[in-house]
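**Student:** here's a sequence, model it:
(2 chains)
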Amino acid sequence: MAAVVEIAGLRKTYRRWHGPARHALAGFDMLVEPGQVHGFLGPNGSGKTTTLRTLLGLISANGGEMRLFGQPVPEALPQVAGQVGAIVESPQFFGNFSAWDTLSLLATAARLPRSRVDAVLELVGLRDRANERVKTYSLGMRQRLAVASALLKAPKLLILDEPANGLDPAGIREMRNLMRTLASEGMTVVLSSHILAEVQLICDSVTIISLGRRVTAGPVAEVLAAHATAEVRVKLEHPTDHATAAEALRAAGAEVTIREGHLLVRGVDQPAWVTRTLAARELFVAELAPVSVDLEAVFLELTGTVPVAGQHRQVDESVAVPLDRPAAADPPGGAVPVAAVDPEGAAA
Amino acid sequence: MSLINAELRRLAKRRLVRVLLGLVIALLATVAVVTAATHYPPGPGLARAEAAAEPEFQQQQRLVAEEIATCERVQESGSGDERMGWPRDCQEIRQWYPSRAELIAFHMPPSFEFRDDFRAMVTVFTGLLAMVGFLVGASFVGAEWRSGGMMNLLLWRPRRLQVFGAKLLAMVGGLLGLGLGLGALWTGGFWLIASFRGVTETMTSGAWQSIGLAGLRGLVLVLAAGAVGFGLASLGRHTAMAMGIAIAAFVIGVAGVGIVIGAMLQWPFVERWLWPTYLAAWLTGSVELFDFSGPCETIGPFGECEPARMVITWQDSGLLIGAAVLLVLAAAMWQMHRRDVT
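**Tutor:** Residues are numbered from 1 along each chain as shown, chains lettered A, B, ... in the order given. This is a model prediction of the structure:
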């Protein structure tokens, strides 16, 4: 089955009257398979929203190719738009209209039955507030309305830019469940979010972008596995034995860091090797646990945006992927951690 | 068609449109009521005028008799100097004073003569509705851009020019319906006023044709104002853009151009360069301009100077207004087609 979203070598340059041009997208690639919940991640200003706007025909690209459901866009956008529901950036609606008015106008324009309006309002939990003016809504309620508008035409592809923004904890959980349900029904979801724990929970695959280029992409499990450090946390029966144990493990070839109350052991293929090595020295392990890596850590590492005490990172200071690097199937972690832009302002 | 239906519904639901519609109806009703209250039917008015004029006429007759007597005495026995200022035929003095009919006419209360007086009402109606049309047109698209509604719509309908056209058509269609509906009520209302408080008998088919044409030109102007407001707000993607240009057009296009061309360059027919002249010509049929600063074109029979004259017709104005509307809409469409939605 053809990919739902295919983007290859997408470029968008903003020219300015003064100063160098800014390359918002510098050869970006992305692939979203059908039925997936795909996380689209990147630091602020990395090009996420520009990508989505370009894909949806709101912005014209300077180069590259895009396809939705196998059809080239923006040329075939009018034909495929009926299958795409989207929220781009913060939800914006005409404040003096009610939620019902807002959706029913869209439904009229798309020749959808009014019953569909009631159905999506029910789905996002706005049924009882549907006739109130949108300007009286909280950010979370507007977000729900935005999701409702995206779901109104029962799309096959749902593109959500920060859908959890402003939602309360219950709302975030509801949104998570909703996306899972939609995906299980065959809908493909592209989710752009900064709540990485949510992305890790919801998404099947991710694409990470930095300075307009793809840093990594693939199934979440593979991306995490590729960045797992094979660290093991070791705790001994007697904390006084930690120094001796560290020496024994180092002598056996492991890299060990002594932490308060435990040891951090790297370079270990099998955790059982630690138990065996220490038992041979009559040092007995009380706790042995592989250190798991999470998406947030991988994201910060790959984008080079790990906060450094005393430093104030600027918006464009993140990893710039070299232009000569193959865009497709990048090995995770292959990014070059350079916190700079080239003299033309391009990600280079 | 579904998009146009949706946009018509959106237009009708807009609060600004409803408020402006209420204001327009209130203002038009006020004008109609005041007109009805200050005009009187010619029949009862005549009796009142005769009653008011009679005492004045009698007093005037006494005065005339006294003056004729004085005149005759002076003509018989007065010196040459005394006769100065008196006519040889003292009965001529009667002509110096208004007749009974003239005094009655002076006291006649105003009566609404549909044939002559309704033309001004067409202008009032057009002016008011054109301002509303401009505001509605500008805010209909400007508020959509500002609120993000346009972006939402473009996500549903990625054909930008189709969306632009549907919105424009809906707005123009809405204004057309409003103009026709209110115009019919306006005409009917003043016909009733003329029937009960004036004269309708002077109306001929030619007069109807002339008023109909004036009304049609007024309606076209209302639609043009709406389209220009829509186009300007589209260009700036904000209602304020249209408002700003409208204010600038008044300040620069009238005061500024008037000062530069009239006072500094001293070109003849300064009004020719001011756009309100063309609006006036469009509404009234034609505008006559005179160049009082130049030499006399001709000398009249009593030696008076006849200045050079220029006529601007509604056809001239139509070309100019049409060109302006096309220019603004073409620029707005090009911009809608090309510019990124950010």
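
**Student:** residues of chain A that sit close to chain B?
**Tutor:** A:53, A:56-60, A:74, A:77-78, A:81, A:84, A:86, A:88, A:91-97, A:101, A:105-106, A:108-111, A:149, A:153 (C-beta under 8 Å from any C-beta of the partner chain). C-beta coordinates here come from the backbone N, C-alpha and C atoms, glycine included.

**Student:** among the residues you listed, the buried ones, what's the PyMOL command?
**Tutor:** Provided next is the PyMOL selection string for whichever of those are buried by 16 or more other C-beta atoms under 10 Å in any protein chain shown:
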select buried, chain A and resi 53+56+57+58+59+74+77+81+84+86+88+91+92+93+94+97+101+105+106+108+109+110+149+153
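
**Student:** show me where pLDDT drops low in the stretch 1-150 of chain B?
**Tutor:** Where the stretch 1-150 of chain B drops to pLDDT under 70, the residues are B:78, B:80.

**Student:** what about 90?
**Tutor:** B:1-3, B:39-52, B:70-96, B:99-101, B:104-111, B:116, B:146-150 (pLDDT under 90).

**Student:** now the helices: where do they sit in it?
**Tutor:** According to DSSP state H, counting those that start in this stretch, the stretch 1-150 of chain B carries its helices in the segments B:2-13, B:15-38, B:42-77, B:80-83, B:100-107, B:114-147, B:149-156.

**Student:** closest to B:Leu326 out of the ones you listed?
**Tutor:** helix B:114-147 (15.2 Å; C-beta to C-beta).

**Student:** and that closest one, what other elements does it pack with?
**Tutor:** Taking 3 or more C-beta pairs under 8 Å, 6 or more residues apart in numbering or on different chains; DSSP states H and E as contact, the helices and strands that helix B:114-147 lies on are helix B:15-38, helix B:149-156, helix B:160-197, strand B:198-199, helix B:205-236, helix B:239-250, helix B:275-284.

**Student:** could you chop chain A up by domain?
**Tutor:** A:5-225, A:229-290 (automatic domain parsing).

**Student:** please work out which of those is packed deepest.
**Tutor:** Ranked by mean neighbour count, the domains of chain A are led by domain A:5-225 with a mean of 20 (mean count of other C-beta atoms under 10 Å in any protein chain shown).

**Student:** please identify the helix or strand for A:Arg214.
**Tutor:** strand A:213-219 (DSSP states H and E).

**Student:** strand partners (parallel or antiparallel) of that strand?
**Tutor:** strand A:205-210 (antiparallel) (DSSP bridges).

**Student:** ok, and what's touching the partner strand?
**Tutor:** For strand A:205-210, the surrounding residues in contact (C-beta atoms under 8 Å, 6 or more residues apart in numbering or on different chains) are A:28, A:30-33, A:36-43, A:46-48, A:51, A:199, A:214-220, A:223, A:295, A:299, A:302-304, A:318-321, A:335, A:347.

**Student:** now do 6 Å
**Tutor:** By C-beta atoms under 6 Å, 6 or more residues apart in numbering or on different chains, the residues outside strand A:205-210 that reach it are A:30, A:36, A:38-42, A:46-47, A:215-217, A:219-220, A:223, A:302-303, A:318-319.

**Student:** now do it, average pLDDT.
**Tutor:** Mean pLDDT, computed over strand A:205-210, is 92.

**Student:** only alpha carbons, please: show it as PDB.
**Tutor:** Output in PDB follows, covering the C-alpha atoms of strand A:205-210 (Å, rounded to 0.1, in the frame of the first residue of the first chain):
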ATOM      1  CA  SER A 205       6.800   6.000  14.300                       C
ATOM      2  CA  VAL A 206       8.500   9.400  14.400                       C
ATOM      3  CA  THR A 207      10.300  11.900  12.300                       C
ATOM      4  CA  ILE A 208      12.600  14.400  14.000                       C
ATOM      5  CA  ILE A 209      13.400  17.600  12.200                       C
ATOM      6  CA  SER A 210      16.100  20.100  13.000                       C
END
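
**Student:** chain center to that strand, what's the gap?
**Tutor:** Relative to its chain's centre, strand A:205-210 lies at 6 Å (C-alpha atoms, centre = their mean, to the nearest Å).

**Student:** then stretch B:312-323?
**Tutor:** The answer for stretch B:312-323 is 16 Å, by C-alpha atoms, centre = their mean.

**Student:** most remote residue from chain B's center?
**Tutor:** B:Ser77 (61.4 Å; C-alpha atoms, centre = their mean).

**Student:** excluding its backbone neighbours, what's nearest B:Met171?
**Tutor:** B:Phe140 (5.1 Å; C-beta to C-beta, 6 or more residues apart in numbering or on different chains).

**Student:** how near is the one you found to B:Val17?
**Tutor:** 8 Å (C-beta to C-beta, to the nearest Å).

**Student:** and B:Leu3, by the same measure?
**Tutor:** Distance, B:Leu3 to B:Val17, by C-beta to C-beta: 18 Å.

**Student:** repeat for A:Val37
**Tutor:** 42 Å.

**Student:** nearest spatial neighbour of B:Gly262, chain-adjacent residues omitted?
**Tutor:** B:Val270 (3.7 Å).

**Student:** for that neighbour, give me the pLDDT.
**Tutor:** pLDDT, B:Val270: 85.

**Student:** need the contact list for the residue of chain A found nearest chain B.
**Tutor:** Chain B sits closest to A:Gln92 of chain A, with a gap of 2.3 Å, by C-beta to the nearest C-beta. A:Gln92 makes contacts with B:Ser147, B:Gly148, as judged by C-beta under 6 Å, 6+ apart.

**Student:** quick check, pLDDT for A:Arg114.
**Tutor:** 88.

**Student:** cool, and the one 5 residues further on?
**Tutor:** A:Ala119 carries a pLDDT score of 93 in this model.

**Student:** could you do A:Ala348 as well?
**Tutor:** 30.

**Student:** out of everything not next to it in sequence, what's closest to A:Val285?
**Tutor:** A:Thr275 (5.3 Å).

**Student:** the residue of chain A closest to chain B in helix, strand or coil?
**Tutor:** At A:Gln92 the chain is in coil, as set by DSSP: H, G, I helix; E, B strand; the rest coil.

**Student:** which ones are touching the closest residue to chain A within chain B?
**Tutor:** Distances between chain B and chain A by C-beta to the nearest C-beta are smallest at B:Gly148, namely 2.3 Å. Counting by C-beta under 6 Å, 6+ apart, B:Gly148 touches A:Gln92.

**Student:** picking that back up, distance-wise, check the residue farthest from the centre of chain B relative to B:Arg339.
**Tutor:** Taking C-beta to C-beta, one finds B:Ser77 at 97 Å from B:Arg339.
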